[in-house]
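Colleague: any chance you could fold what I've pasted below:
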Amino acid sequence: MTLLRQLMIVIILIFMILFSANFVLTVYESRVYLDQQLRAHAQDTATSLGVSMATALAESDNANLDALAGAVFDRGFYQNITLIDLDSEILVRKSNSMNINDVPSWFVKLVNLPSAAASTEITSGWSQLGTLRVTANPAHAYRDLWRITTGYLYLFCFIVIFSYGFIGLVLRVVLRPLLAVEQQANDICERRFNLNETIPKTRELRRVVETMNRMTLKIREMFDSQVKLTENLRDEARIDHLTGLSNRREFNALTTALLETETGGPGPSALMLMQVKDFADINTSLGRDAGDELLIQVATRLQAAVQNRQGAILARYNGADFAIFLPSISLEKARVTLQSCFTAVASLNTFTLRAPVDAIHIGMIFDSQPQQLASLLTEADAALRNAQSGGHSNAYFLVHGENQNHLTDIIKQASDWKHILERAIEDKQVIFHIQQVFTLPDRQPLAEVIYVRISLEDKVIQAGIFMPMAERFNLLASLDQLIITRAFKEITAYSATLIIKLSTRSIQDDDFIQWLSGHIRDHRVLASKVIFELPEYAVHLAYDTIKRLVDSAGLLGYRFSIDHFGLGATAFSYLQSLNVHFIKVDRSFVTNIATNTDNQFFIQSMVQIAHTRDMQLIAEGVETEADLATLEGLGVDAAMGYLLGRPGPRT
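Modeller: Okay, here's the model as predicted:
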């Protein structure tokens with residue numbers, strides 16, 4: 001029961017007690033007053049009637065005596081009038097029964113007015129002639145008391161109802177700050193640290209609100225400190241602080257995670273290595289500050305050259321060496337990117353004004369179906385050595401297995417991809433591959449992730465190959481609609497909840513968002529078995545849209561997950577306002593976690609924050625039993641990867 005209702009009940013009870021006491025006293029006083037009035041009235045009537053009867057009684061005029069008694073009795077205020085002579089003979093007797101039809105019998109018994117009777121002696125001179133007795137009729141008194149009682153009861157009911165509403169309104173206004181404090185406490189539980197700006201005037205409530213505000217500020221500072229510490233430690237371990245780029249360790253982890261993803265890899269990709277020749281001589285001749293400034297300029301030029309390449313991974317690999325991995329890129333765009341990077345860096349004043357011109361070398365390897373980072377690095381290094389062999393600043397481009405790769409024909413058909421994808425969407429020719437997500441530590445099925453493939457010339461084509469083409473020809477929204485529609489139709493055939501991946505381009509399409517909301521409303525019963533998933537970088541591109549989807553999830557029944565969590569520069573900050581249900585840690589933090597203490601600390605920090613936000617943390621890319629045991633020890637909720645089975649077709 002709420003405090004408001006308790007206070008209202010207590011106040012009403014006190015009011016009822018006071019009113020009841022006043023009611024009892026009023027009825028009692030009214031009873032005493034009416035009794036006295038009846039007695040006085042009976043006595044006055046007996047006295048005046050006795051005087052009127054004296055002459056008639058002396059003359060023994062019985063007719064006149066009866067007329068006098070009847071004139072008084074017929075008024076109805078008397079129950080009995082009796083005239084008795086000296087011989088105790090009744091000369092006149094008028095009586096009437098006490099008829100009280102409009103007053104409940106229980107009330108008559110409860111009040112029980114005493115009999116109001118009076119008598120007087122009739123005399124003539126000094127001689128006594130007889131005795132007259134008059135008994136008042138209490139029916140009118142009972143009616144008056146009943147009217148007073150019912151009037152009080154009606155007034156009492158009205159006042160109780162009015163007081164309940166009025167007191168409730170007043171208390172609701174007075175106690176409104178407590179509702180704000182309750183909401184503030186709930187916000188703290190959900191890691192939203194909002195201050196209560198409305199300070200009540202009531203001293204006790206003001207103290208409560210001010211105390212809550214101080215506590216909120218302290219907890220916000222603690223949370224921000226934890227987030228900042230975690231992100232700083234992550235940056236120290238993975239970011240090159242001079243250039244702001246990823247370091248070698250981060251580059252290897254991110255690239256390996258992309259190459260080994262369950263979606264079948266990033267598709268055609270390119271790896272570029274760039275080296276500033278004789279950088280030690282530059283440090284010696286120009287000074288270390290100038291050398292550091294040169295590295296910053298190189299990093300800035302490279303970032304500008306690849307800023308339009310979605311998913312590009314850029315790193316300061318070692319000393320004056322830089323590496324760029326370009327996933328899901330065509331052969332032509334890889335060549336253009338190589339030329340852009342070379343031109344951007346070679347045009348720096350440090351290189352154009354110095355001799356000799358043999359200062360910048362870039363090697364790039366293009367692979368239509370890359371498998372391992374080690375082989376890419378080997379071939380990219382070979383391309384870099386070829387570039388260095390020319391004796392001047394140069395860039396060299398290699399294509400891996402161009403004549404032997406079985407996907408070469410598919411890559412060359414890029415101009416036909418639009419028709420291929422349109423036909424696949426129209427004919428609904430998509431293949432679902434499923435991978436299960438298991439809870440930890442009991443390893444029970446939690447959900448099933450849908451990975452999409454299409455069939456082309458008797459080959460199963462992975463999403464890493466055709467998704468970039470679908471994005472290029474603006475077909476991602478249509479493809480996502482097909483995937484969602486089919487998943488909802490087949491959802492009853494799955495034993496667990498389905499995780500449906502959404503593309504970033506679709507989320508930025510207003511028509512798609514409108515269609516998605518309508519489709520979920522039309523299938524609200526099935527929506528409870530669906531988890532929609534987006535990559536973390538989509539949060540920064542379409543935050544407002546994603547927040548609306550997440551906020552409406554509670555009303556429509558579905559849930560939301562963030563994929564590749566931890567790759568963003570502010571991996572934790574947006575969780576304060578975005579109440580997603582699951583966060584899936586990027587596989588770069590999970591692979592070989594049993595031997596990586598930095599990643600263990602990062603995962604443990606994510607576990608703590610996720611649990612305080614009532615989110616489940618999913619680890620993606622578990623490879624060994626040791627890694628799985630480490631994740632269980634860190635308190636991770638669920639895991640997926642090699643141990644739990646690679647994606648397979650849905651049968």
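
Colleague: any idea which helix or strand of this structure has the worst average confidence?
Modeller: Lowest on mean pLDDT, DSSP states H and E among the helices and strands of the chain sits helix 408-412, with a mean of 41.

Colleague: ok, now how distant is residue 124 from residue 55?
Modeller: Residue 124 sits 8 Å away from residue 55, going by CB to CB, to the nearest Å. Yep, even glycine has a C-beta here, placed from its N, CA and C like the rest.

Colleague: after the least confident helix or strand of the chain comes which helix or strand?
Modeller: Where DSSP states H and E defines the elements, the next helix or strand beyond helix 408-412 is helix 417-426.

Colleague: residues of that next one that come out buried?
Modeller: 417, 420-421, 424-425 (16 or more other CB atoms under 10 Å).

Colleague: for the helix or strand just after that helix, packing partners?
Modeller: Moving toward the C-terminus from helix 417-426, the next helix or strand (DSSP H and E) is strand 431-439. With contacts taken as 3 or more CB pairs under 8 Å, 6 or more residues apart in numbering; DSSP states H and E, strand 431-439 sits against strand 445-456, strand 638-641, strand 648-649.

Colleague: swap in 6 Å and give it another go.
Modeller: The contact analysis (3 or more CB pairs under 6 Å, 6 or more residues apart in numbering; DSSP states H and E) places strand 431-439 against strand 445-456, strand 638-641.

Colleague: how big is the angle separating it from helix 417-426?
Modeller: Here strand 431-439 points in a direction 70 degrees away from that of helix 417-426 (axes from the mean of the first three to the mean of the last three CA atoms, to 10 degrees).

Colleague: which stretches of the stretch 51-200 of the chain have low pLDDT?
Modeller: Across the stretch 51-200 of the chain, residues meeting the criterion (pLDDT under 70) sit at 76, 190-191.

Colleague: can you list the residue ranges for helices in it?
Modeller: With DSSP state H, counting those that start in this stretch as the criterion, the stretch 51-200 of the chain has helices at 62-73, 105-111, 139-174, 176-189.

Colleague: reformat the ones you listed as TSV; add distance to residue 319 and mean neighbour count.
Modeller: Formatted as TSV, those follow (distance: least, CB to CB, whole Å; neighbours: other CB atoms under 10 Å):
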stretch	distance to residue 319	mean neighbour count
helix 62-73	131	16
helix 105-111	106	12
helix 139-174	69	14
helix 176-189	48	15
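
Colleague: of those helices, which is nearest residue 227?
Modeller: Set against residue 227 and scored by CB to CB, the helices of the stretch 51-200 of the chain come closest in helix 176-189, at 15.4 Å.

Colleague: what are the contacting residues of that closest one?
Modeller: With contact meaning CB atoms under 6 Å, 6 or more residues apart in numbering, helix 176-189 is reached by 194, 196, 200, 205, 208-209, 212.

Colleague: name the element residue 515 belongs to?
Modeller: Assigned by DSSP H and E, residue 515 falls in helix 510-522.

Colleague: circling back to that earlier point, wait, which of the helices of the stretch 51-200 of the chain is closest to residue 440?
Modeller: helix 176-189 (24.0 Å).

Colleague: let me know the secondary structure of residue 560.
Modeller: strand (DSSP: H, G, I helix; E, B strand; the rest coil).

Colleague: next, give phi and psi for residue 366.
Modeller: The phi/psi pair for residue 366 (degrees, to the nearest 10) reads phi -110, psi 130.

Colleague: residue 360 too?
Modeller: Dihedral angles (degrees, to the nearest 10) for residue 360: phi -120, psi 130.

Colleague: okay, now the nearest residue to it once chain neighbours are set aside: neighbour count?
Modeller: Leaving aside its chain neighbours, residue 360 sits nearest to residue 393 (4.3 Å; criterion: CB to CB, 6 or more residues apart in numbering). A count of nearby residues for residue 393, using other CB atoms under 10 Å, gives 19.
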